[in-house]
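A.B. asks: have a look; sequence and predicted model below, questions after that.
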Amino acid sequence: MRKGFHAGPAARAVAPVVVAAALAHIGPAATWLPELRRRRFPGLAGQGRPGHIALTFDDGPDPASTPHFLDVLDALGVRATFFVLGENVVRHPETALELARRGHELAVHGWSHDRPWLPSPARDALGLTRAVHAVGEVAGHVPRWYRPPYGILTSGRWAAARRAGTRPVLWTAWGKDWRRDATPASVRATVAADLRGGGTILLHDTDHVSAPGSWRATVGALPDIVRDCREAGWAVGPLGEHGVIGAEERVGGGNERGVGIGRGVGRGGRGRARAR
């Protein structure tokens, strides 16, 4: 019986290829890092017009929580972008339709809230295509924006987004509202810490993959967050009104909207986020 294993020439030759493939798959996920995103890829971060803030919500729709957000947003006179999961749209079609009826922008958060650590281009393409179709049926048009679960963009998800005609957009500020210890005050303070004019806020309108009941802290923080923005002189609205940097550019030709890591989002003058 052999006590050890020594890789032969063939195995040693294959190993670098496997490593390179893994890096190519997960490498774009480095854009999850806020500072890298802000400095190098402001369009991906959701940087828009300096006088505007994009308000976005992930993970819904959820009939137990989303209607509470709709009522508060109506009272505030604000429309937002909801990054919905395809499986939740199919499960709760009436709640999804209510989002559209009340004038909110529907965007795609994928089919399900999974982590894409293993390369699977076919899975990525199929899941996003299904989600785009489900959301499009509700919205009445092909959704424009895509935010992957956890903000993790792999090469497969980049490619799938481009083929589906959607543009990936992450965020510049979040509320960490998924946590069990989140409160309206903590959500408001966390958003304010990173928010600048032209920024995009990430919040959640459900506890679908968050601590049970955490959405209550978010809905409680909304009036103060909107008031803070308005007092700073910023309008609040959906991504469609935000003027996202590079949103008019098309990458890859044809009708595919998107941004590419290799090309650098908005080179030259567009390559830097505007600071306030």
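C.D. replies: Received it, and whenever you're ready, just let me know what you need.

A.B. asks: how about G220, secondary structure?
C.D. replies: Classification of G220 using DSSP: H, G, I helix; E, B strand; the rest coil returns helix.

A.B. asks: quick one: contacts for it?
C.D. replies: Listed by CB atoms under 8 Å, 6 or more residues apart in numbering, the contact partners of G220 are T183, P184, V187. From N, CA and C alone the C-beta is placed, and that goes for glycine too.

A.B. asks: do S120 as well
C.D. replies: G156.

A.B. asks: and if you look at P143?
C.D. replies: L106, A107, V108, V132, V135, G136, T166.

A.B. asks: what about the third one, distance to A96?
C.D. replies: Counting by CB to CB, to the nearest Å, the separation of V108 from A96 is 12 Å.

A.B. asks: all helices of the stretch 51-200 of the chain, in order?
C.D. replies: Ranges of helices in the stretch 51-200 of the chain, per DSSP state H, counting those that start in this stretch, are 66-76, 86-91, 93-101, 121-139, 155-164, 184-194.

A.B. asks: and of those helices, who's closest to A54?
C.D. replies: Closest to A54 of the helices of the stretch 51-200 of the chain, according to CB to CB: helix 184-194, at 12.4 Å.

A.B. asks: now for V108 and A96: what residues contact both?
C.D. replies: Contact criterion CB under 8 Å, 6+ apart; residues shared by V108 and A96: V84, V135.

A.B. asks: more neighbours: these two, which one.
C.D. replies: Per other CB atoms under 10 Å, whichever of V108 and A96 has more neighbours is V108, with 30 against 25.

A.B. asks: my guess is that one meets R144, correct?
C.D. replies: No. V108 is not in contact with R144 according to CB atoms under 8 Å; the separation is 9.0 Å.

A.B. asks: now do the shared contacts for those two.
C.D. replies: What both V108 and R144 touch, as defined by CB under 8 Å, 6+ apart, is the set T166.

A.B. asks: give me the buried positions along stretch 132-142.
C.D. replies: V132, A134, V135, G136, V138, A139 (16 or more other CB atoms under 10 Å).

A.B. asks: on that earlier part again, I'd like to know which of the helices of the stretch 51-200 of the chain is closest to R39.
C.D. replies: helix 184-194 (13.7 Å).

A.B. asks: so how far is the closest one off the chain centroid?
C.D. replies: Centroid separation for helix 184-194 versus its chain: 19 Å, with CA atoms, centre = their mean, to the nearest Å.

A.B. asks: now do stretch 234-251
C.D. replies: A distance of 14 Å separates the centroid of the chain from that of stretch 234-251, by CA atoms, centre = their mean.

A.B. asks: what about dumping the CA coordinates of that stretch to CSV?
C.D. replies: Provided in CSV are the C-alpha atoms of stretch 234-251 (Å, rounded to 0.1, in the frame of the first residue of the first chain):
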residue,chain,number,x,y,z
TRP,A,234,-31.0,65.2,-2.6
ALA,A,235,-34.0,63.9,-4.4
VAL,A,236,-34.9,60.3,-3.7
GLY,A,237,-36.1,57.9,-6.4
PRO,A,238,-35.5,54.7,-8.4
LEU,A,239,-32.5,53.8,-10.4
GLY,A,240,-34.3,54.6,-13.6
GLU,A,241,-34.3,58.3,-12.6
HIS,A,242,-30.8,58.2,-11.1
GLY,A,243,-28.6,58.8,-14.2
VAL,A,244,-26.3,55.9,-13.3
ILE,A,245,-22.8,56.5,-14.7
GLY,A,246,-22.4,54.7,-18.0
ALA,A,247,-26.0,53.6,-18.1
GLU,A,248,-26.3,54.8,-21.7
GLU,A,249,-23.3,52.7,-22.8
ARG,A,250,-23.6,49.3,-24.3
VAL,A,251,-20.9,46.7,-23.9
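
A.B. asks: brilliant, that's me finished.
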